[in-house]
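Q: Pasting a predicted model and its sequence here:
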Amino acid sequence: MYLQKIIWQLRYFLSGCQNLRKISLKRMLKLLIFLIFLGSCSKNYTSSGKIETDEIWKGKIKLKGDVIVEELATLKILEGSRITYSKKSNFNTHYIKSSPIGNVDVLQDDRIEIIVKGVLKVIGKDGKEVIFEGKKQAGGIVFLSDKKGSIIRFAKFFKTGVAIRCYGESNPVIENVYIKGSELGGIGLWDTSKPVIKKVEIEDSLHGIGVSDFSEPEISSCVIMGIKKAGIFTEGDSKARVFSNKVTGCNVGIAIGDISKPEIFKNSISGCGAGISMWVNAEPRIYENKIFKNITGIVIQEEAKPYIFKNEFFENGGGIGANDGAEPVIEENRFFSNPKSIIASGGSILRVFRNIISSSKVGIFVDSTARVYLKDNKFYNVIEKTKVLNKAKIIEKLSFLFIITVGLKRQKKFMIKFLLIKQRI
């Protein structure tokens with residue numbers, strides 16, 4: 001009866017218009033429900049604290065403290081919404097993560113964050129993106145849940161600490177997202193997270209996308225530019241698939257460390273200090289990329305063992321440079337207009353097979369005690385095909401003895417690591 005009275009009052013209020021007099025009771029009820037729905041979307045939202053049942057945000061939302069989407073809840077943020085942050089947080093939660101240096105609270109001090117233990121759906125549209133307008137207090141979004149269904153689509157993040165972070169077994173889809181001016185980084189991945197990151201643009205940030213621990217993301221069709229450190233970096237024992245991206249104007253385009261094993265293919269990498277740089281025991285597969293106009297195309301340090309094949313290197317200061325104890329395999333690549341196409345120094349061992357090197361001052365430069373094994377390479381318009389200094393060596397044929405020696409060397413390294421681990425146990 002109370003609802004019926006409200007409806008009749010609404011009809012009476014609208015009775016000044018002759019057409020509205022003819023609105024049926026059923027239609028008026030639908031209109032009222034719609035108006036109530038709109039009101040609940042834009043006004044009744046959790047600005048701080050826990051969300052324990054499903055909630056929808058629409059319009060201007062001001063966060064006053066951390067918001068936790070609990071395990072059984074789904075938070076939807078609709079197209080055109082704008083999220084802003086208070087100058088001071090009235091509620092902060094913690095997420096303690098164990099690390100080699102002990103337990104660490106990974107949430108960003110007193111920054112305001114949306115922490116997802118349940119499901120988050122940020123559903124913008126092209127031209128009606130969801131805006132996260134950050135200032136000093138903006139921490140971004142943190143995924144902790146292994147639940148499927150979380151998505152961030154058509155959103156923009158400005159001046160957040162880290163726009164998006166994934167921990168645990170989280171697996172959100174992050175697509176058509178723009179990130180600018182992040183103080184620490186655009187997207188950070190830890191633990192065993194497996195997000196899909198597609199068509200994301202990141203610029204003017206400290207880091208672009210960071211892949212750590214045992215993460216296995218798919219990163220594709222992204223544009224990463226003007227990053228002060230690394231556009232994309234992988235470390236730990238992570239296994240990222242990085243393909244069809246454009247990385248330009250970064251200190252390092254793609255950085256690879258520890259024992260990570262990323263697959264890097266069909267990317268365009270240009271205008272960086274190093275297009276790709278790696279160290280420790282990284283073992284990436286790098287193929288079918290265009291690497292151009294960098295100071296050095298690929299830098300290989302320490303004991304990294306990349307397989308580099310079917311790439312195009314052109315107009316870099318140097319094509320590929322290997323140092324320390326690096327052992328790359330460089331096969332079926334095309335080098336054009338790099339002053340020095342391949343540089344080996346330190347104690348590095350390079351296997352260089354079936355490459356095409358053209359328009360270079362020096363095709364292959366070898367220094368210190370480095371060794372380079374050559375087979376079936378072609379040189380066109382190169383002033384010096386090979387240049388050897390100090391105790392370095394170039395070997396034109398692969399002998400059976402070499403194959404056995406390399407195999408024994410790898411077996412020895414494996415046994416040393418095994419014994420060290422056994423001692424610790």
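A: Structure received.

Q: and stretch 253-261, how far apart are its ends?
A: 16 Å (C-alpha to C-alpha, to the nearest Å).

Q: mind listing what's buried in it?
A: Residues 253, 254, 255, 256, 257, 258, 260, 261 are the ones in stretch 253-261 that count as buried (16 or more other C-beta atoms under 10 Å). No exception for glycine: its C-beta is placed from N, CA and C like everyone else's.

Q: now swap in stretch 259-279 and tell me
A: 260-262, 264-265, 267-272, 274-279.

Q: Spit out the contact partners of the residue nearest in space to the middle of the chain.
A: Nearest to the geometric centre of the chain sits residue 209, at 2.9 Å (C-alpha atoms, centre = their mean). Residue 209 is in contact with 185-189, 197, 200, 202, 217, 219, 222, 224, 231-233, counting by C-beta atoms under 8 Å, 6 or more residues apart in numbering.

Q: ok, those vs residue 142, which is closest?
A: Set against residue 142, the nearest of the contacts of residue 209 by C-beta to C-beta is residue 188 (9.4 Å).

Q: Would you mind listing the residues in contact with that closest one?
A: Neighbours of residue 188 in contact, by C-beta under 8 Å, 6+ apart: 162, 164, 165, 166, 207, 209, 210, 212.

Q: and what of residue 70?
A: Counting by C-beta under 8 Å, 6+ apart, residue 70 has contacts 50, 51, 52, 117, 118.

Q: do that again at 6 Å, thanks
A: 50, 52, 117, 118 (C-beta atoms under 6 Å, 6 or more residues apart in numbering).

Q: Name the member of the residues you listed with the most neighbours.
A: residue 117 (22 neighbours; other C-beta atoms under 10 Å).

Q: surely that residue meets residue 145?
A: Yes - in this structure, residue 117 is within contact of residue 145 by C-beta atoms under 6 Å, at 5.1 Å.

Q: okay, and the common contacts of these two?
A: By C-beta under 6 Å, 6+ apart, no residue touches both residue 117 and residue 145.

Q: Can you pull out the low-pLDDT segments for the stretch 51-200 of the chain?
A: 97-102, 104, 106, 108-109 (pLDDT under 70).

Q: again, but for the stretch 251-400 of the chain
A: Those would be 397-400, if you go by pLDDT under 70 across the stretch 251-400 of the chain.

Q: in it, which spans are helices?
A: 400-424 (DSSP state H, counting those that start in this stretch).

Q: coming back round to it: which of the contacts of residue 188 sits closest to residue 296?
A: residue 207 (20.2 Å).

Q: Quick check: beta-bridge partners of the closest residue to that closest one other than its chain neighbours?
A: Excluding its sequence neighbours, the residue lying closest to residue 207 (C-beta to C-beta, 6 or more residues apart in numbering) is residue 185, at 3.5 Å. Beta-bridge partners recorded for residue 185 (DSSP bridges): residue 162, residue 207.

Q: can you count the residues close to residue 185?
A: Around residue 185 there are 25 residues (other C-beta under 10 Å).

Q: so it makes contact with residue 162?
A: Yes - with contact defined as C-beta under 6 Å, residue 185 counts as touching residue 162 (5.0 Å).

Q: List the single closest residue to residue 87 in space, sequence neighbours excluded.
A: residue 137 is the one closest to residue 87 (C-beta to C-beta, 6+ apart), at 6.2 Å.

Q: Check whether the one you found really touches residue 110, as I assumed.
A: No - assessed by C-beta under 6 Å, residue 137 is found out of contact with residue 110, at 7.4 Å.

Q: Show me which of those two is the more surrounded one.
A: residue 137 (22 against 14).

Q: quick revisit: tell me the one among the contacts of residue 209 nearest to residue 337.
A: Using C-beta to C-beta, those come closest to residue 337 at residue 231, 23.5 Å.

Q: Regarding that closest one, which helix or strand does it belong to?
A: Element membership for residue 231, per DSSP states H and E: strand 230-234.

Q: ok, then the element right after that strand?
A: strand 241-243.

Q: which one among the contacts of residue 209 gets closest to residue 91?
A: Closest to residue 91, out of all of the contacts of residue 209 and judged by C-beta to C-beta, is residue 188, at 22.7 Å.

Q: so how far is residue 55 from residue 131?
A: 19 Å (C-beta to C-beta, to the nearest Å).

Q: likewise residue 339?
A: 60 Å.

Q: Who has more neighbours out of these two?
A: Applying other C-beta under 10 Å to residue 339 and residue 55 shows that residue 55 carries more neighbours, namely 18 against 15.
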